[in-house]
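>>> Fold the stuff below for me.
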Amino acid sequence: MLNPNLNDIQLEKAEYERYSRHLILPEVGLDGQKRLKAASVLCIGTGGLGSPLLLYLAAAGIGRIGIVDFDVVDFSNLQRQVIHGTSWVGKPKIESAKASILEINPYCQVDLYETRLTSENALELFEPYDIIVDGTDNFPTRYLVNDACVLLGKPNVYGSIFRFEGQATVFNYEGGPNYRDLYPEPPPPGLVPSCAEGGVLGILPGIIGVIQATETVKIILGQGTTLSGRLLLYDALNMSFRELKLRPNPVRPVIEKLVDYEEFCGIPQAKAAEAKEQAGMQEMSVQELKQLLDSNADDYVLLDVRNPHEYEIAKIPGAVLIPLPDIENGDGVAKVKELLNGHKLVAHCKMGGRSAKALGILKEKAGIEGINVTGGITAWSREVDPSVPEY
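Here you go, the predicted structure:
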């Protein structure tokens, strides 16, 4: 419906005032505002990217907005996911998003899909919408969104963020490149940390999400030059933008159907390898760690492998910090051997993953066996000592 019959679209009297600043723009005008009202956009995710782009699409007058998300609002979301508020913590994100959208613009139709996007439902969910906007944060879903858009011939407005950097482009539009031209193959699982592991500047997704909203509106209006064929890179710390050219790869594999994208990205294989590696690893719960600490035993060393700035936020009493990167590069292995001096080793991190990896390296490089604390300091905060900040 990117070329609707504008005679069938009418604005109500109150909408003329609402959209007055659009109507006086020659590039928008009455016909353009009718195009926005006739358009339908599906947003995948209501997180850091989905929050600003949904708010601005609603304010711009998009007539039909669909939202796919199955998560609930968490306190840790509120630093960047501005469509949600404190009163919505613990409640579905899509309901929070709908309430905010309708508060901004009651003329929007908001469709909610409280479900995980999968190969089984993606084509059915995408089919009724003109444009798909990707606000996801993981590689399997990005490949799924891309391939579904290619199969259905729909534009894919893409954005991603990490720490202080973001990127945006438009895929699968007017013969332009798609996501597989940028990333022909996914990176190995675990190579790229998530925002939960690596952090993200709260303002960053606001910039990238607004760029995605801008590209969406331009496509609907048929105005300007889109980011199709250009990858826009943003560095918030240095306040700089640069572009990379993207071109379709003439020898890329033809997308014929949707596949198992977890399998495609190697996640089941990585989990199986991790489980095999940890099969012989000893573990203890945070309650067992508490008993060990309370016993005043002096025959163990409690190792914290998080990063120094995490250690400043919260720590378990008596833990010695040797970050995982130091263990990975070998410097920390010698420090651990010196610390142990015949004592038992107990290791923790934020949630248990990095400490398990550290113990695996220590066993491989130095023959050091250790015990991993299940759930890490997050479980300690939730189950043992609520005064320890959870981050």
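>>> contacting residues around stretch 349-365?
197, 274, 277-278, 281, 303-306, 310, 324, 327-328, 330, 333, 336, 345, 347-348, 368-370, 372-379 (C-beta atoms under 8 Å, 6 or more residues apart in numbering). C-beta here means a position set from N, CA and C on the backbone, and glycine is covered the same way.
>>> buried set for that stretch?
349-362 (16 or more other C-beta atoms under 10 Å).
>>> Look up the pLDDT of Phe264 for me, please.
Phe264 carries a pLDDT score of 86 in this model.
>>> got it, and Asn296?
Asn296 is assigned a pLDDT of 88 by the prediction.
>>> and it, helix, strand or coil?
Under the three-state scheme (DSSP: H, G, I helix; E, B strand; the rest coil), Asn296 adopts coil.
>>> is it true that Ile67 lies in a strand?
Yes. Under the criterion used here (three-state DSSP), Ile67 sits inside a strand.
>>> how many other residues sit next to it?
Using other C-beta atoms under 10 Å, Ile67 has 25 neighbouring residues.
>>> The stretch 51-200 of the chain: helices as residue ranges?
Ranges of helices in the stretch 51-200 of the chain, per DSSP state H, counting those that start in this stretch, are 93-104, 122-126, 139-152, 179-182, 195-198.
>>> so what secondary structure elements neighbour the third one?
The contact analysis (3 or more C-beta pairs under 8 Å, 6 or more residues apart in numbering; DSSP states H and E) places helix 139-152 against helix 122-126, strand 131-134, strand 156-162, helix 179-182, helix 261-264.
>>> Next, the angle from that helix to strand 156-162.
For helix 139-152 against strand 156-162, the angle by axes from the mean of the first three to the mean of the last three C-alpha atoms, to 10 degrees is 170 degrees.
>>> just the CA coordinates of helix 139-152, formatted as CSV?
C-alpha atoms of helix 139-152 as CSV (Å, rounded to 0.1, in the frame of the first residue of the first chain):
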residue,chain,number,x,y,z
PHE,A,139,21.8,-12.3,15.1
PRO,A,140,19.3,-15.1,14.7
THR,A,141,16.4,-12.7,14.7
ARG,A,142,18.1,-10.2,12.4
TYR,A,143,18.7,-12.9,9.8
LEU,A,144,15.1,-14.1,10.2
VAL,A,145,13.8,-10.5,9.7
ASN,A,146,16.0,-10.0,6.6
ASP,A,147,15.1,-13.3,4.9
ALA,A,148,11.3,-12.9,5.6
CYS,A,149,11.5,-9.4,4.1
VAL,A,150,13.4,-10.7,1.0
LEU,A,151,10.8,-13.4,0.5
LEU,A,152,7.9,-11.0,0.8
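>>> Let's test this: mean pLDDT of it, rounded?
Here the average pLDDT along helix 139-152 is 97.
>>> ok, and what's touching it?
Against helix 139-152 from outside (C-beta under 8 Å, 6+ apart): 44, 117-119, 122-123, 126-127, 132, 134, 136, 154-156, 158, 160, 171-172, 178-180, 183, 186-187, 192, 255, 257-259, 261-262, 264-265, 267.
>>> Secondary structure element for Leu42, which one?
In this structure, Leu42 sits in strand 40-44 according to DSSP states H and E.
>>> so what does that strand touch, helix or strand wise?
Here strand 40-44 is seen to pack against helix 50-60, strand 64-68, strand 131-134 when contacts are counted using 3+ C-beta pairs under 8 Å, 6+ apart.
>>> Tell me which of these sits most buried.
Scoring the helices and strands packed on strand 40-44 by mean neighbour count under mean count of other C-beta atoms under 10 Å gives strand 131-134 as the most buried, with a mean of 27.
>>> packing partners for that strand?
Using 3+ C-beta pairs under 8 Å, 6+ apart as the contact test, the elements touching strand 131-134 are strand 40-44, helix 139-152, strand 156-162, helix 204-221.
>>> switch to 10 Å and redo it
Where contact means 3 or more C-beta pairs under 10 Å, 6 or more residues apart in numbering; DSSP states H and E, strand 131-134 is packed against strand 40-44, helix 50-60, strand 64-68, helix 122-126, helix 139-152, strand 156-162, strand 165-171, helix 204-221.
>>> gap between Val119 and Leu258?
Val isn't right for residue 119; it's Ser. Ser119 sits at a distance of 4 Å from Leu258 (criterion: C-beta to C-beta, to the nearest Å).
>>> Tell me which residue lies nearest the centroid of the protein.
With distances taken as C-alpha atoms, centre = their mean, the residue of the chain nearest its centroid is Asp137 (2.3 Å).
>>> Setting the sequence-adjacent residues aside, check what's closest to Gly175.
Pro248 (7.4 Å; C-beta to C-beta, 6 or more residues apart in numbering).
>>> Surely Lys245 touches Arg230?
Yes. Counting by C-beta atoms under 10 Å, Arg230 is a contact partner of Lys245 at 6.5 Å.
>>> Now list whatever residues contact both of the two.
When C-beta atoms under 10 Å, 6 or more residues apart in numbering defines a contact, the residues bordering Lys245 and Arg230 alike are Pro177.
>>> how many neighbours does Thr136 have?
By other C-beta under 10 Å, the residues close to Thr136 number 23.
>>> From Lys357, how far out is it?
Distance from Thr136 to Lys357, counting by C-beta to C-beta: 25 Å.
>>> that older thread, out of the helices and strands packed on strand 40-44, which comes closest to Ile207?
helix 50-60 (8.3 Å; C-beta to C-beta).
>>> and the closest one, how far from the chain's centre?
For helix 50-60, the distance between its averaged C-alpha position and the chain's averaged C-alpha position is 17 Å (C-alpha atoms, centre = their mean, to the nearest Å).
>>> For the remainder of this discussion, apply numbering that starts at 408.
Right, with 408 as the first residue, what we last looked at is helix 457-467.
>>> Remind me what that helix packs against, helices and strands.
Of the remaining helices and strands, those touching helix 457-467 by 3+ C-beta pairs under 10 Å, 6+ apart are helix 436-445, strand 447-451, strand 471-475, helix 500-511, strand 538-541, strand 563-569, helix 611-628.
>>> Just want the angle from the last one to strand 563-569.
When you say that, I think you mean helix 611-628. Taking the same axes, to 10 degrees, one finds helix 611-628 and strand 563-569 inclined to each other by 170 degrees.
>>> With that, I have no additional questions.
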